[in-house]
Structures are given as C-alpha cells and as structure tokens.
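Engineer: Next comes the sequence, and after it the predicted model I'd like to discuss.
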Amino acid sequence: MRKILEILRLHFEAGLSGRAIALAVSLALSTVQECLRRFQAAGLNWPTDLDEEALEARLYPRLASAPAVPLPDFAAVQTALVSHKAMTRRHLWQQYRAEYPDGLGYSAFCAQLATFTEQQATVLRREHAPGAAMLIDYAGPNLAIIDRQTGEVQPVRLFVAVLGYSNYTFALATRGETTADWLAAQV
C-alpha cells in the first residue's frame, strides 16, 4: 500500500521536511523525495481530488500498467514434484522460464508455489514427547559406494531414523533392505 496522499499532505499542509515525512510514514528519505519529484513532474496541484489508486497510476505509470506475468500451472508443478523423486523446484522453474523468459524469478516462483501448496494441503502435525517416538525408514533412490582400492561399485540403501521431538537424525548406508539390514541399522 502506497502512502502517496499522506506524503503530499505532510509536505503541503504540515510543511514538514523530507526527513520528517520519511520518519512519519516509515519510508526512506529517497522514496519521499522521489514521490514529491514525480508529483511536481506530473503537473498536479495540491489539494488534489485524485484518490490513492488514481494518484499512483499518474505518478508511477510503469508500475500501474505492468503487464501481467503468466503464472505456471502450480497444480501440475505440485504433481510433478510428488510423482518424480528426483524432480526439483529449480528444474521446474527452469522449464517455466524457458517457455516464459520474462516470467517469475526463482524466489517468486517458490513463494507462489508455497502459497498454492498451503491452500491445497491439509497438514497433520504430530507433537511427540521427548524420547517417545523414533521415525524410521529407507529414504530416496538407491545410492552407490565406490571402493577406492578396487574401483568396485556397490549399490546401497539409505536408512534414516529421526527422533520425533528433537528432529535429531541418524543415517546409515546398508547393502539392502533385508530384515537383517533393517534390524542392524536400528541397533
């Protein structure tokens, strides 16, 4: 929300300096000076009968008439993230930018995706008492360990255990997901 009318009122009616106006409206001095400069350049007189929105359109025409940025299909983005284990937000953003070079930046893309996800998702938060729960499972795709001596590649699985209260994490690579591997990893 712009504070154009308040800046102008404080300047013309109260006669405050640029610094005093900046303090009063919690803006930078340069922002206040730019607003006053644009008002004078627009050839407007005080008092004005324009409302805040119309005044903004006159003083900041590029900002008021900026073309709408085409937004990605966030439902498809969310589906791609869920259905493909190795899919990343950055990769999906790069695909979006390849199609729309003037589209959202990466941080805006992630922020809009987070907003979309929050609106769609139902979240169940579980509160765990200290020491009461440990969450365990194998995580992610298969990994590989390379023996430095022989160069042999050995496929491994990543076992992960997280304490529910503190989120302390333990990870261990096992040769497989057999019962023996599962029990040894928990020990």
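Structural biologist: In hand now; what should we look at? Remember, it's a predicted structure, so these values are computed and weren't measured experimentally.

Engineer: Counting by contacts, list what the one helix or strand Leu113 maps to packs against.
Structural biologist: In the assignment (DSSP states H and E), Leu113 maps to helix 106-120. Helix 106-120 makes packing contacts with helix 74-83, helix 89-99 when contacts are defined by 3 or more Cβ pairs under 8 Å, 6 or more residues apart in numbering; DSSP states H and E. Where C-beta positions appear, they are placed from N, C-alpha and C, glycine not excepted.

Engineer: Now it: buried residues?
Structural biologist: If you call a residue buried by 16 or more other Cβ atoms under 10 Å, then helix 106-120 has these buried ones: 109, 112-113, 116.

Engineer: still on that earlier bit, identify whichever of the helices and strands packed on helix 106-120 lies nearest to Ala132.
Structural biologist: Among the helices and strands packed on helix 106-120, helix 74-83 comes nearest to Ala132, with 29.4 Å by Cβ to Cβ.

Engineer: From Pro130, how far off is Ser166?
Structural biologist: 7 Å (Cβ to Cβ, to the nearest Å).

Engineer: With Asp102 instead?
Structural biologist: As defined by Cβ to Cβ, Asp102 lies at a distance of 51 Å from Pro130.

Engineer: For my notes, confirm Gly176 occurs in a strand.
Structural biologist: No. Read with DSSP: H, G, I helix; E, B strand; the rest coil, Gly176 is coil and lies in no strand.

Engineer: quick one, what contacts it?
Structural biologist: Arg157 (Cβ atoms under 8 Å, 6 or more residues apart in numbering).

Engineer: Where in this structure is the helix or strand with the lowest mean pLDDT?
Structural biologist: helix 61-64 (a mean of 63; mean pLDDT, DSSP states H and E).

Engineer: circling back: same list (the buried residues of helix 106-120) but as JSON lines, adding distance to Thr178 and pLDDT.
Structural biologist: JSON lines is the format used below for the buried residues of helix 106-120 (distance: Cβ to Cβ, whole Å; pLDDT from 0 to 100):
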{"residue": "Phe109", "distance to Thr178": "42", "pLDDT": "93"}
{"residue": "Gln112", "distance to Thr178": "44", "pLDDT": "92"}
{"residue": "Leu113", "distance to Thr178": "38", "pLDDT": "92"}
{"residue": "Phe116", "distance to Thr178": "41", "pLDDT": "90"}
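
Engineer: Perfect, that will be all.
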